[in-house]
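Student: Have a look at this fold, sequence not included:
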């Protein structure tokens, strides 16, 4: 299993921080706050699939942007 690069983590984090909504990844019983660089860097592996949960006032826009950001970096994410 290989982790993703720092530039991908920063890019995903910056995308998440553009939105007011709560953005969380679920993986193996863990909840990862996508707005936390530390949480992302300790968790993201390119060989895994994650469930994306978005809740808040700009939910639709945030979900679309986050799916695109993850796919751009070769990460598999499904909207929950």
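Tutor: On my side now, so go ahead. Fair warning: this is a prediction, and the values are worked out from it, not measured in the lab.

Student: what are the ranges of the strands in the chain?
Tutor: 22-27, 30-33, 49-55, 76-79 (DSSP state E).

Student: Just put those in JSON lines and tack on mean pLDDT, distance to residue 12 and mean neighbour count.
Tutor: Where C-beta positions appear, they are placed from N, C-alpha and C, glycine not excepted. Formatted as JSON lines, the strands of the chain follow (pLDDT from 0 to 100; distance: least, Cβ to Cβ, whole Å; neighbours: other Cβ atoms under 10 Å):
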{"stretch": "strand 22-27", "mean pLDDT": "94", "distance to residue 12": "10", "mean neighbour count": "19"}
{"stretch": "strand 30-33", "mean pLDDT": "93", "distance to residue 12": "11", "mean neighbour count": "14"}
{"stretch": "strand 49-55", "mean pLDDT": "94", "distance to residue 12": "11", "mean neighbour count": "16"}
{"stretch": "strand 76-79", "mean pLDDT": "90", "distance to residue 12": "10", "mean neighbour count": "13"}
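
Student: Could I get the ones you listed in CSV, plus columns for distance to residue 69?
Tutor: Below are those laid out as CSV (distance: least, Cβ to Cβ, whole Å):
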stretch, distance to residue 69
strand 22-27, 10
strand 30-33, 14
strand 49-55, 10
strand 76-79, 9
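
Student: Can you tell me how far residue 42 is from residue 76?
Tutor: 18 Å (Cβ to Cβ, to the nearest Å).
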